[in-house]
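Novice: I would like the atomic coordinates for the input below:
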Amino acid sequence: MMIRIRSRDGSERVSIDNPLITIAQLKTLIESQLRVPTLNQTLSTNQNLLLAKTLDEIARFTDMSNPQTPISTLGITHGSMIYLAYEGERTVSGPNFNPAGSFGRKMTMDDLIAKQMRVTRQENPHCELVSFDRDAANAFQNYVNESLAFAVKRGGVMYGTVSSEGKVEVDFIYEPPQQGTEENLIILRDPDEEKLVEAIAMGLGMRKVGFIFTQTISQNKKDYTLSNAEILQAVEMHGEGDLKEWVTAVVKLEVNEDGGADVHFEAFQMSDMCIRLFKEGWFETEIGEDDDPKLSKMKKEVVVGGKDTKEVDNDFFLVVVKIFDHQGPLSSTFPIENRNTAVTMKALKNHLDRTRSLPFVKRISDFHLLLLLARFLDVSADVPALAQCVQTQIAVPEGYQLLIESMASAS
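Specialist: Sure, this is the predicted structure:
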């Protein structure tokens with residue numbers, strides 16, 4: 001059988017003849033196949049092992065510390081993922097390559113640039129951590145879980161704040177017009193709607209802080225963290241966001257110990273090198289049917305692990321970010337834009353009726369509600385003013401309140 005090993009060097013595979021081997025025997029196989037000495041290895045089924053920075057933190061991962069434990073008792077079967085931390089350096093075997101500019105061949109300027117374009121792993125993110133508003137995160141994952149059943153991809157732009165320490169707080173998720181399939185997510189940009197979103201965010205004292213998307217059930221069987229197409233989409237969004245703390249979040253279903261499925265969030269930053277390569281046009285943006293989805297193709301050779309290659313393991317471009325959650329200032333109970341059902345004034349009336357006991361400013365403290373209202377208000381004056389009332393939780397001017405109530409009652 002084959003199991004997958006993820007370390008700081010990316011995802012690799014180890015072949016096992018006997019599924020009943022012990023952890024000690026597994027470590028011996030990792031040493032022989034991946035060249036990591038057994039004494040240097042710490043193994044765990046917990047991905048947080050890769051976030052551990054010190055030996056003390058690494059030592060806390062003890063689920064695979066007993067060398068006599070059979071791996072089968074830990075639920076490790078064909079295709080399972082195990083996480084590996086190790087001390088020291090090793091030589092990672094790479095793909096076949098043709099050295100650029102060897103003897104007997106003239107070196108071009110492109111060859112010289114490629115010699116210097118070294119793709120290495122970025123250890124630390126610019127983002128200290130990302131915290132999701134619970135209601136916003138739930139509204140997004142409930143839809144993809146219950147309505148879409150993780151059968152097609154879905155995406156959104158995350159808005160919130162960034163602290164001086166690099167902590168990102170996501171307080172609402174805008175879901176642009178889009179078409180999702182099993183393998184692809186096509187964002188259909190609407191510049192007019194995006195202007196409204198930006199005006200609301202400005203009034204709320206928030207900004208774009210990241211991109212969130214789902215992986216489908218069929219992708220769970222694939223051997224990658226992000227596919228080459230997802231890397232391209234994520235780095236394009238990151239580059240456009242122009243925020244060093246920009247976060248890319250992935251939502252997917254994972255099988256739990258009981259055989260059921262849990263919704264799982266992961267957060268990354270695209271590495272500085274990834275963004276540089278994208279902005280300078282190194283990525284091949286056309287992806288063929290036969291291309292390995294876990295490798296990103298380059299137009300010119302780059303240096304990875306001391307070897308020249310045009311294919312880079314996608315994991316080299318990902319920097320893991322810690323995830324927390326919080327209760328933000330907004331609710332997420334109003335119907336969300338650009339889903340299967342159009343949001344109408346009837347929804348506004350229902351929402352206002354349901355929240356009648358709350359102060360008016362609380363009743364409209366929902367980004368998705370503000371987006372509906374913004375379509376009928378002045379984007380440069382009314383929209384930021386109304387959003388600012390929500391941000392400061394001050395009373396909404398009577399004129400706005402009457403206008404909103406009349407819009408609702410006209411439905």
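
Novice: can you map out the strands along the stretch 1-150 of the chain?
Specialist: 2-7, 10-15, 41-44, 81-86, 129-133 (DSSP state E, counting those that start in this stretch).

Novice: Quickly, which of the ones you listed bottoms out on average pLDDT?
Specialist: If these are sorted by mean pLDDT, strand 10-15 sits at the bottom with a mean of 84.

Novice: Pull up the pairing partners for that strand, direction included.
Specialist: Strands that pair with strand 10-15, judged by DSSP bridges, come out as strand 2-7 (antiparallel).

Novice: so the strand it pairs with versus strand 81-86, what angle?
Specialist: Angle of strand 2-7 versus strand 81-86, following axes from the mean of the first three to the mean of the last three C-alpha atoms, to 10 degrees, is 40 degrees.

Novice: Quick check: buried residues in strand 2-7?
Specialist: For strand 2-7, a neighbour-count test (16 or more other C-beta atoms under 10 Å) marks 3, 5, 6, 7 as buried. Every C-beta, even on glycine, is put in place using the N, C-alpha and C of the backbone.

Novice: Over to stretch 168-184?
Specialist: 168, 169, 170, 171, 172, 173, 174, 175, 176, 178, 180.

Novice: Which members of the residues you listed define the maximum pairwise distance?
Specialist: 169 and 180 (26.5 Å; C-beta to C-beta).

Novice: just to revisit the earlier point, output the buried residues of stretch 168-184 as TSV; include the columns pLDDT and distance to residue 326.
Specialist: Putting these into TSV (pLDDT from 0 to 100; distance: C-beta to C-beta, whole Å) gives the following:
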residue	pLDDT	distance to residue 326
168	98	11
169	98	6
170	98	9
171	98	9
172	98	13
173	98	14
174	98	19
175	98	21
176	97	24
178	94	27
180	94	28
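
Novice: Where does the prediction get shaky in the protein?
Specialist: 91-116, 411 (pLDDT under 70).

Novice: just to revisit the earlier point, ok, so of the buried residues of strand 2-7, who is nearest residue 409?
Specialist: residue 6 (56.3 Å).

Novice: That closest one contacts residue 47, doesn't it?
Specialist: Yes. If you go by C-beta atoms under 8 Å, residue 6 and residue 47 touch, sitting 7.4 Å apart.

Novice: Overlap in contacts, those two.
Specialist: Residues within reach of residue 6 and of residue 47 at once, by C-beta atoms under 8 Å, 6 or more residues apart in numbering, are 81, 83.

Novice: Using the record's assignment, carve the protein into domains.
Specialist: 2-86, 129-326, 345-409 (automatic domain parsing).

Novice: Between the two ends of the second one, how far is it?
Specialist: By that I understand domain 129-326. Using C-alpha to C-alpha, to the nearest Å, the end-to-end distance of domain 129-326 comes out at 12 Å.

Novice: which residues does the residue nearest to residue 157 when sequence neighbours are not counted contact?
Specialist: Distance criterion C-beta to C-beta, 6 or more residues apart in numbering; nearest residue to residue 157, sequence neighbours excluded, is residue 174 at 4.8 Å. With contacts defined as C-beta under 8 Å, 6+ apart, residue 174 is in contact with 156, 157, 159, 197, 337, 367, 371.

Novice: now do 10 Å
Specialist: 156-159, 193-194, 196-198, 200-201, 208, 336-338, 367-368, 371 (C-beta atoms under 10 Å, 6 or more residues apart in numbering).

Novice: Can you turn the buried subset of the residues you listed into a selection I can paste into ChimeraX?
Specialist: Here is the ChimeraX command that picks out the buried ones among the contacts of residue 174, judged by 16+ other C-beta under 10 Å:
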select :156,157,158,159,193,196,197,198,200,201,208,336,337,338,367,368,371
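
Novice: So which of the contacts of residue 174 belong to helices?
Specialist: 193, 194, 196, 197, 198, 200, 201, 367, 368, 371 (DSSP state H).

Novice: quick one, strands of the stretch 201-350 of the chain?
Specialist: With strands called from DSSP E, counting those that start in this stretch, the stretch 201-350 of the chain shows them at 207-214, 247-255, 261-270, 295-304, 307-313, 318-320, 323-326.

Novice: deepest of those, which one?
Specialist: Mean neighbour count (mean count of other C-beta atoms under 10 Å) peaks for strand 207-214 among these, with a mean of 23.

Novice: how far does that one sit from the chain's center?
Specialist: Relative to the chain's own centre, strand 207-214 is displaced by 8 Å; criterion: C-alpha atoms, centre = their mean, to the nearest Å.

Novice: Kindly report the same for stretch 40-55.
Specialist: That offset, for stretch 40-55, works out to 21 Å (C-alpha atoms, centre = their mean).

Novice: just to revisit the earlier point, would you mind giving the domains of the chain as CSV with distance to residue 122 added?
Specialist: Listed next are those as CSV, based on distance: least, C-beta to C-beta, whole Å:
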stretch, distance to residue 122
domain 2-86, 10
domain 129-326, 4
domain 345-409, 32
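
Novice: Highest mean neighbour count out of those domains?
Specialist: Among the domains of the chain, domain 129-326 has the highest mean neighbour count (mean count of other C-beta under 10 Å), at a mean of 18.

Novice: Would you pull up how far that one lies from the middle of the chain?
Specialist: The answer for domain 129-326 is 4 Å, by C-alpha atoms, centre = their mean.

Novice: try stretch 347-359
Specialist: 34 Å.

Novice: so how far is residue 282 from residue 10?
Specialist: Remark: distance between residue 10 and residue 282 (C-beta to C-beta, to the nearest Å) = 19 Å.

Novice: Look at residue 396 and give its secondary structure.
Specialist: coil (DSSP: H, G, I helix; E, B strand; the rest coil).

Novice: coming back round to it: so which of the strands of the stretch 1-150 of the chain comes closest to residue 271?
Specialist: Short answer: strand 10-15, nearest of the strands of the stretch 1-150 of the chain by C-beta to C-beta, at 12.3 Å.
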